[in-house]
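Colleague: Can you look at this prediction? I've put the sequence above it.
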Amino acid sequence: MSGRDAILGAVRRSLKRAAGDAAALAAVEARLDTRERGPVPARAQIDAKARVDLFQAMAEEHSATLTRVAVAQDVPGAVATYLKKHNLPQRLRAAPDPEIDALPWDTQSLLTVERGRAEASDETSLTGAFAGIAETGTLMLLSGEAAPTTLNFLPDTHIVMIKASQVVGPYEDAWDLVRAKHGPGELPRTVNFITGPSRTADIEQTIQLGAHGPRRLHIVLVEDGPGEESEDGTGDGA
Amino acid sequence: MRSIAHSFKDNAKAALADPQLRRALDNIKTGFITKRAAAAARLPEFEALRDAARDIKNHTLDHLDLYLERYAENVQAGGGHVHWCATAEDARAAVLEICRRAGAKTVTKGKSMISEEIALNDYLEANGITPVETDLGEYIIQLRHEPPSHIIAPAVHLTKDAIEADFRKAHPQFPKDRPLSEPRHLVDEARQVLRSRFLAADVGITGANFLIAETGSSVIVTNEGNGDLTQVIPKVHIVVASLEKVIPNLYDLSTILRVLARSATGQEFTTYTTVSSGPKRPEDPDGPEEYHVILLDNGRSRMLGGEFREVLRCIRCGACMNHCPVYHAIGGHAYGWVYPGPIGAVLTPGLLGVEEAGALPNASTFCGRCESVCPMRIPLPKLMRHWREREFERHLTPAPVRYGLAAWAFLARRPALYHWLLGLEMRVLGALGRRKGRFAWLPFAGGWTRHRDFPAPQGRTFQSLWAERKTGGAP
């Protein structure tokens, strides 16, 4: 008998049920199909403008920083300003993301932008995000051709570009967007929820930022207008 | 790890006499407890979420076979491998085989209690593979060759001075006169040392907070980002997880995550929550080439069938130990195995047997704080009582306790005799103790008087005073 059969047999003995019990299987299928939501905090069920404000407030509470810009064309300038303010080299490892490629990087003559996955020597990364979750100021990033996961963890500083229309209220709304994009039951290899920079409290319960992941998390929020398209929770995810 | 739960009483005695441990444990009362209370108060839906979280796990446990089948099918469909392991031995062997095939010399590890449960590090080392713990707390205790003393804060028993001494010894590559007295210095030094370990590892091993049946995914929740660096850089990712980690779908995950961090550290949400589904896809620029899940039973299927099923709802947040007066007094090591505190007092006898760990469920005042803060509403005091009953039934309770209980039961069934004897005792003790008002020693009460005086009774029993008052004899 294989390990699988032995364990499933032991589980069924404890549940006092035979394999192929139709009622039990129906209960499981129903649960997976209906995907009923649990209690969703009222805090997260708010209109588009309030969502963006809550997202910012919660992200800042978790030690992230956030700059708002009016249009995507302003992102390179905002990134250069941030690097200068923190005395960081004008050098970026950017996700190989068409939306990032399309930005007017040539307006920042001092800034060097390289594309690809993170290398150990990269100090700053720039990525997009799939969604922002207002409930706790959380970013949702999906891995893929345009989004190497190493960019989210290896560099000391992680800069994330996100549009206001991508900000949803609760986690469940973000999962619905993923489902709409990838299909039911399908996920990209990695889904990263990121809330502020890396931290630890392992030494005498004092909070220290920058344990192993980024020391700084900076969000550049493009105010593309809390447009009608986001009212039904379908922001155009990057 | 090898259990020393059987010597609980001696372990606890030693812990009580350790002044450094006292200092370190004091942080818990001001830290975890205050923060959890604030986080719970801030979310009006918190109690409703606890109910919902409990119901999700109850439903899943009632259909565990089917959810495990669905989970495993979906892992395989995504290109991952599931290794069903009935025992700790099976799990260790499966991990080793994967490491050998990958030609691994070093493996990095994210924090995993299952890895502690199966004693993976010692086994890998014995087989020529170097395991490197990367969670800061786990790294510190690995340097000290100690087990974790808390399930989410493994080095909570240590002060920064002790950690400084360990780092000076373990990191001779840095200048001797470097500043290392503050937590910031220690965190930066560990970051620097472990960065090269992450980059050099051949295999990354993480635990799993949850397994998702709907998508065949494993979920880790960390603040440091070490779990993510562990699983994204090496070419092989191994997840070690036990059966009861599975939950149906991503909405269920959202519900439980809302109570997990708040109960554990009082955070609104943990810094990094990562959902992993299989190895890297052809178009992915990074990620592991192989993805394996070690699915461990090790006694869970047996616990599912009896009165201890509810403990399988546990999501390992640590709230029960953070709020336990016994844990505050003795810390985690005294419990003698992987899981300390109230959850350990219920889980350890279930996994190792009541013969080995019977002392643990006795180490409780039944104050009920653990149950009142458990996000999954596990009735921990009730389950500890069940273990005490089992222990008594199997004649494992020490003889003096058994005879004492038998004598008490005899008297309790004869109220007249009971009152007469108690009245006599109070009069005698009252007369003997009148001068000092206390006793430094009493027969049968050595456990009490060894550490503090026993206050002398006033010579009357409560019952007789009450009777007098009711008949109007007293003012």
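Modeller: Yes, it's here.
Colleague: Mean confidence (pLDDT) on the strand or helix carrying residue A:5, please.
Modeller: Counting by DSSP states H and E, the element that carries residue A:5 is helix A:3-15. In this model, helix A:3-15 has a mean pLDDT of 97.
Colleague: Check stretch A:185-195 too.
Modeller: 97.
Colleague: Quickly check: that stretch near chain B or not.
Modeller: Yes - under the criterion of C-beta under 8 Å from any C-beta of the partner chain, chain B is reached by stretch A:185-195 at A:185, A:186, A:187, A:188, A:189, A:190, A:191, A:192, A:193, A:194, A:195. For glycine as for every other residue, the C-beta is placed from the backbone atoms N, C-alpha and C.
Colleague: Between the two ends of that stretch, how far is it?
Modeller: Across stretch A:185-195, the terminal residues are separated by 25 Å (C-alpha to C-alpha, to the nearest Å).
Colleague: give the contact list for the closest residue to chain B within chain A.
Modeller: Per C-beta to the nearest C-beta, residue A:213 is where chain A lies closest to chain B, at 2.5 Å. For residue A:213, the contact set (C-beta atoms under 8 Å, 6 or more residues apart in numbering or on different chains) comprises A:152, A:153, A:158, A:197, A:198, B:224, B:225, B:226, B:228, B:229, B:271, B:272.
Colleague: Now for those, which sits with the most neighbours around it?
Modeller: Of all the contacts of residue A:213, the highest neighbour tally under other C-beta atoms under 10 Å in any protein chain shown goes to residue B:226, namely 32 neighbours.
Colleague: so what pLDDT did it get?
Modeller: 97.
Colleague: which stretches of chain B have low pLDDT?
Modeller: B:472-475 (pLDDT under 70).
Colleague: which residue is nearest the centroid of chain A?
Modeller: Centroid-nearest residue in chain A: residue A:140, 1.6 Å away (criterion: C-alpha atoms, centre = their mean).
Colleague: got the contact list for the residue lying closest to that one once chain neighbours are set aside?
Modeller: Leaving out its chain neighbours, the residue that sits closest to residue A:140 by C-beta to C-beta, 6 or more residues apart in numbering or on different chains is residue A:131, at 4.4 Å. By C-beta under 8 Å, 6+ apart, the contact list for residue A:131 reads A:139, A:140, A:166, A:167, A:168, A:173, A:174, A:177, A:235, A:237.
Colleague: re earlier: my read: the residue nearest to the centre of chain A touches residue A:191, true?
Modeller: Yes - taking C-beta atoms under 8 Å as the definition, residue A:140 is a contact partner of residue A:191 at 6.7 Å.
Colleague: quick one, what contacts the residue of the stretch 301-450 of chain B found nearest chain A?
Modeller: Using C-beta to the nearest C-beta, residue B:305 is the residue of the stretch 301-450 of chain B that sits closest to chain A, at 3.0 Å. Contacts of residue B:305 were listed using C-beta under 8 Å, 6+ apart, and they are A:13, A:14, A:15, A:16.
Colleague: what about residue B:84, neighbour count?
Modeller: Neighbours of residue B:84 using other C-beta under 10 Å come to 22.
Colleague: mind giving me the domain ranges of chain A?
Modeller: A:1-34, A:43-228 (automatic domain parsing).
Colleague: Out of these, flag the one nearest residue B:405.
Modeller: The closest of the domains of chain A to residue B:405 is domain A:1-34. By C-beta to C-beta, the value is 32.0 Å.
Colleague: Flag every buried residue along the closest one.
Modeller: Within domain A:1-34, the residues scored as buried using 16 or more other C-beta atoms under 10 Å in any protein chain shown are A:3-4, A:7-8, A:10-12, A:14-15, A:17, A:24-25, A:28, A:31-32.
Colleague: among the residues you listed, which are within reach of chain B?
Modeller: A:3-4, A:7-8, A:10-12, A:14-15, A:17, A:24-25, A:28, A:31-32.
Colleague: Max pairwise distance over the residues you listed: which two?
Modeller: Farthest apart among those by C-beta to C-beta are A:3 and A:31. That separation is 26.2 Å.
Colleague: Give me the secondary structure label for residue 140.
Modeller: In the absence of a named chain, this looks at chain A. At residue A:140 the chain is in strand, as set by DSSP: H, G, I helix; E, B strand; the rest coil.
Colleague: try chain B instead
Modeller: helix.
Colleague: how about it, what does it touch?
Modeller: Neighbour list for residue B:140: A:202, B:154, B:155, B:158, B:163, B:166, B:190 [criterion: C-beta under 8 Å, 6+ apart].
Colleague: got the buried residues for stretch B:281-294?
Modeller: Applying a neighbour-count criterion of 16+ other C-beta under 10 Å, one finds B:284, B:285, B:286, B:287, B:288, B:290, B:291, B:292, B:293, B:294 buried in stretch B:281-294.
Colleague: what's the helix or strand for the first one?
Modeller: Going back to what we said before, that points to residue B:284. Taking DSSP H and E as the definition, residue B:284 sits outside all helices and strands.
Colleague: and it, how far is that from chain A?
Modeller: For residue B:284, the distance to chain A equals 6 Å [C-beta to the nearest C-beta, to the nearest Å].
Colleague: re earlier: mind listing the residues bridging to the residue nearest to the centre of chain A?
Modeller: residue A:131, residue A:193 (DSSP bridges).
Colleague: now residue B:246
Modeller: Applying DSSP bridges, one finds that residue B:246 bridges with residue B:211.
Colleague: Quick check: it touching residue B:59?
Modeller: No - using C-beta under 8 Å, residue B:246 is not in contact with residue B:59, being 11.4 Å away.
Colleague: more neighbours, those two?
Modeller: More neighbours surround residue B:246 than the other of residue B:246 and residue B:59, with 23 against 17 (other C-beta under 10 Å).
Colleague: Spell out the secondary structure type for the residue nearest in space to the middle of chain B.
Modeller: Geometric centre of chain B, nearest residue: residue B:339, 3.7 Å, by C-alpha atoms, centre = their mean. Following three-state DSSP, the label given to residue B:339 is coil.
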